[in-house]
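Trainee: Provided below for reference: sequence and predicted model.
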Amino acid sequence: MASRAPTATPGKAAAATRRVRTVLRETFGLARLRPGQATVIERVLAGDATLAVMPTGAGKSLCYQLPAVLLPGRTVVVSPLIALMKDQCESLRELGIAAVQVNSAIDGDETKAALQAVEDGSARIVMTTPERLADPDFLQLLRAHPVSLLAIDEAHCISHWGHDFRPAFLEIAHALPRLGKPVVLALTATATDEIAADICEQLGIPAAGVVNTSAYRPNLDLRVVPVAKEADKLAQVVRLARATQGSGIVYTATVKAAHAVHEALLAVDESVGIYHGKMAAPERAATQDAFMNGDTRIIVATNAFGLGIDKPDIRFVLHYQLPATLEAYYQEAGRAGRDGELARCTLLFLRGDKAIQQFFMAGRYPGEEDAAAIVAALREPREDGQPWTLPLLQARLGRPKSKVQVALGLLRKDRIVSQSRDGTLKLQARSASGERMRELTEGYGRKRDLDREALERMVFYAQTGQCRWRVLLEHLEGESSQERCEHCDNCRRIAAHEAVVEELLRNKPQEQEDAAPEAGGPPVFARGDLVEVRRYGRGVVEEASGTQVTVLFADRSKRSFLPEYVRPARAQKGAKAPVPVAAPAPSPACGRGPG
């Protein structure tokens with residue numbers, strides 16, 4: 001890892017700031033940096049490894065593009081976003097910055113020209129995929145000239161705990177020393193504390209190197225629509241799509257659901273395309289291009305679509321099925337409203353959709369049987385005498401590629417298996433007992449538990465009566481500075497509830513007080529009374545007895561209290577009613593107070 005540059009004198013610091021401003025204005029045509037960008041760029045230019053957690057639309061790309069102009073060596077950008085590479089390369093070239101892309105999507109002539117630019121050193125920025133970075137020949141080509149900065153976009157993909165883990169990203173850490181330990185900049189829109197710690201550990205970024213700007217985007221209107229059955233969901237998709245102007249994305253968890261939604265929208269003459277991983281690459285590219293240039297208004301897609309999509313005028317994102325995590329939901333919903341204008345993010349919630357994500361979880365992580373199967377296969381020579389490689393091994397085992405890759409990575413790390421530069425796999429002489437296989441993979445049991453917890457949190461978001469932005473920010477950032485955003489469905493409903501309560505209390509301010517019992521006794525309540533409870537705010541009595549009062553609050557939670565902790569609500573003069581806020585903890589039991 002590149003060490004931090006010597007502390008700059010005030011004069012040098014001022015000169016560096018002037019250089020940044022000059023490049024920002026003269027090269028990129030921008031007047032100022034956005035929140036977080038200045039801090040990240042300053043750290044990169046000082047030689048500090050950094051993890052930048054910045055929301056969609058916050059300008060993460062500039063955090064490596066601007067330093068790339070100022071640093072002495074070249075910048076290598078690793079990203080899974082092949083479609084975005086093309087757009088960024090073209091944009092950088094228009095600005096006069098020598099940028100090339102090296103990935104599987106470009107043709108032979110462009111690949112040859114790009115590799116030549118990498119070899120002769122004329123490429124200032126080299127954009128590639130983690131798979132290509134793992135190729136020994138390409139890595140050797142990159143080493144021909146000094147690399148000052150290695151930027152990893154969508155860095156949550158490197159974390160086992162992340163919602164979009166991709167095994168190929170694990171190879172980045174192995175490439176760092178071979179590239180001469182350049183400055184590392186990891187970028188992502190979402191990372192919980194656990195994911196951020198995992199990214200930092202794998203890439204050697206210190207804990208103090210995390211720059212986290214707020215994920216809050218006030219132009220995104222969050223809402224959840226509960227539905228009872230599948231047919232209701234299709235009807236809701238059609239209704240919501242037709243009621244919302246502008247372009248939009250409808251996300252599904254399965255290819256089958258994508259086709260069902262696509263057909264339903266076609267049936268009402270909507271301008272709609274479909275995108276999923278089982279389509280041929282040219283067909284996917286044509287669908288994406290039609291959506292990006294406005295020829296298609298709506299695109300129905302699985303999560304194979306969207307990473308890096310830079311279409312500013314998406315007015316709505318609709319989730320047809322429950323995502324696996326709040327991080328995934330935020331990433332996908334966050335593709336709306338990048339122009340800062342109002343955009344609606346709606347989740348259709350059917351309880352049965354939880355089972356879809358549970359099914360996906362079951363096949364996500366390798367177990368000891370997967371590691372043992374790899375070892376057993378490598379012990380047997382191939383019939384054609386050729387060496388084992390990852391594709392051949394996967395074909396032999398018939399297991400998901402991601403499972404084989406992750407298990408193979410564990411075996412390589414433990415020196416049970418080696419992989420040569422040409423991809424040949426060999427079993428080492430050391431013992432590989434079943435007990436050792438169990439030890440290597442037992443950590444994934446904890447990951448499965450965390451996946452289940454993440455899914456439960458997603459379900460909680462769908463069912464909560466709290467401010468949805470508050471729930472989202474508390475999960476992503478550990479805390480939220482606001483009780484209410486005022487622009488999610490729950491906040492609007494709570495505000496409407498409060499307005500009704502205030503009106504009732506103004507009209508009948510003494511009604512409940514007249515129901516008071518004899519002096520010294522506890523209050524007496526009846527169903528429908530408006531009451532207040534410290535910490536929980538205002539609500540309506542559902543049931544009442546001499547020993548217990550059950551109150552329904554504006555966030556749809558029901559809680560039971562001893563009568564002495566409940567008091568009649570009073571009209572507020574010139575002030576808003578207290579906000580009912582229910583934490584996701586059990587309600588106070590009968591016989592205890594609210595505090």
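Mentor: Looks like it came in fine. Predicted model only: the values in this text are computed from it and were never measured. Numbering: from 1, shown residues only.
Trainee: ranges for the helices of the stretch 101-250 of the chain?
Mentor: Taking DSSP state H, counting those that start in this stretch to define them, one finds helices in the stretch 101-250 of the chain at 108-120, 130-133, 136-142, 171-178, 193-203, 230-243.
Trainee: to H276, which of these lies closest?
Mentor: H276 sits nearest to helix 230-243 of all those, at 16.3 Å, using C-beta to C-beta. Heads up, the C-betas are built off the backbone N, CA and C, glycines and all.
Trainee: including mean neighbour count and distance to G47, could the helices of the stretch 101-250 of the chain go into a markdown table?
Mentor: Shown next, in a markdown table, are these (neighbours: other C-beta atoms under 10 Å; distance: least, C-beta to C-beta, whole Å):
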| stretch | mean neighbour count | distance to G47 |
| --- | --- | --- |
| helix 108-120 | 14 | 23 |
| helix 130-133 | 20 | 21 |
| helix 136-142 | 16 | 19 |
| helix 171-178 | 16 | 14 |
| helix 193-203 | 19 | 15 |
| helix 230-243 | 16 | 49 |
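Trainee: and those as CSV, adding distance to P72 and mean pLDDT?
Mentor: Below are these laid out as CSV (distance: least, C-beta to C-beta, whole Å; pLDDT from 0 to 100):
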stretch, distance to P72, mean pLDDT
helix 108-120, 17, 90
helix 130-133, 21, 88
helix 136-142, 16, 90
helix 171-178, 18, 87
helix 193-203, 22, 88
helix 230-243, 51, 92
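Trainee: same list (the ones you listed) but as TSV, adding distance to R446.
Mentor: Below are the helices of the stretch 101-250 of the chain laid out as TSV (distance: least, C-beta to C-beta, whole Å):
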stretch	distance to R446
helix 108-120	40
helix 130-133	24
helix 136-142	32
helix 171-178	21
helix 193-203	11
helix 230-243	34
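Trainee: looking at those, which is nearest to T17?
Mentor: helix 193-203 (27.0 Å).
Trainee: tell me what angle that closest one forms with helix 171-178.
Mentor: 40 degrees (axes from the mean of the first three to the mean of the last three C-alpha atoms, to 10 degrees).
Trainee: quick one: distance of helix 193-203 to the chain centre.
Mentor: Offset of helix 193-203 from its chain centre (C-alpha atoms, centre = their mean, to the nearest Å): 15 Å.
Trainee: give me the contact list for it.
Mentor: Helix 193-203 is contacted from outside by 49, 51, 53, 152, 155-156, 158-162, 170, 172-173, 176, 184, 186, 188, 191, 205-207, 209-210, 212, 327, 450, 478, using C-beta atoms under 8 Å, 6 or more residues apart in numbering.
Trainee: picking that back up, and M292, which of the helices of the stretch 101-250 of the chain is closest to it?
Mentor: Among these, helix 230-243 sits nearest to M292 (C-beta to C-beta), with 18.5 Å.
Trainee: and for the closest one, what's in contact with it?
Mentor: Contacts of helix 230-243 (C-beta under 8 Å, 6+ apart): 225, 227, 248, 250, 260-261, 264-265, 268, 270, 298, 316, 318, 320, 346, 348, 350.
Trainee: at 6 Å instead, please
Mentor: V225, V227, V261, A264, V268, I298, L318, L348 (C-beta atoms under 6 Å, 6 or more residues apart in numbering).
Trainee: distance between it and the chain's centre?
Mentor: Worked out by C-alpha atoms, centre = their mean, helix 230-243 lies 25 Å from the chain centre.
Trainee: may I have it as PDB, with CA atoms only?
Mentor: Taking Å, rounded to 0.1, in the frame of the first residue of the first chain, the C-alpha atoms of helix 230-243 are listed here in PDB:
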ATOM      1  CA  GLU A 230     -49.900 -12.300  -7.300                       C
ATOM      2  CA  ALA A 231     -52.700 -11.100  -9.600                       C
ATOM      3  CA  ASP A 232     -53.100  -8.000  -7.400                       C
ATOM      4  CA  LYS A 233     -49.400  -7.200  -8.000                       C
ATOM      5  CA  LEU A 234     -49.800  -7.200 -11.800                       C
ATOM      6  CA  ALA A 235     -52.800  -4.900 -11.500                       C
ATOM      7  CA  GLN A 236     -50.800  -2.600  -9.300                       C
ATOM      8  CA  VAL A 237     -47.900  -2.500 -11.700                       C
ATOM      9  CA  VAL A 238     -50.100  -1.500 -14.600                       C
ATOM     10  CA  ARG A 239     -51.900   1.100 -12.500                       C
ATOM     11  CA  LEU A 240     -48.800   2.700 -11.100                       C
ATOM     12  CA  ALA A 241     -46.900   2.700 -14.400                       C
ATOM     13  CA  ARG A 242     -49.800   4.300 -16.200                       C
ATOM     14  CA  ALA A 243     -50.300   6.900 -13.400                       C
END
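Trainee: so where's this protein uncertain?
Mentor: 1-14, 83, 160-164, 306-309, 429-432, 443, 481, 505-523, 571-595 (pLDDT under 70).
Trainee: which helix runs longest in it?
Mentor: helix 443-463 (DSSP state H).
Trainee: could you check the angle that one makes with helix 193-203?
Mentor: Going by the same axes, to 10 degrees, helix 443-463 makes 140 degrees with helix 193-203.
Trainee: what comes up buried for helix 443-463?
Mentor: The neighbour-count check on helix 443-463 (16 or more other C-beta atoms under 10 Å) flags Y444, D451, A454, L455, R457, M458, V459, Y461, A462 as buried.
Trainee: sounds good, over and out.
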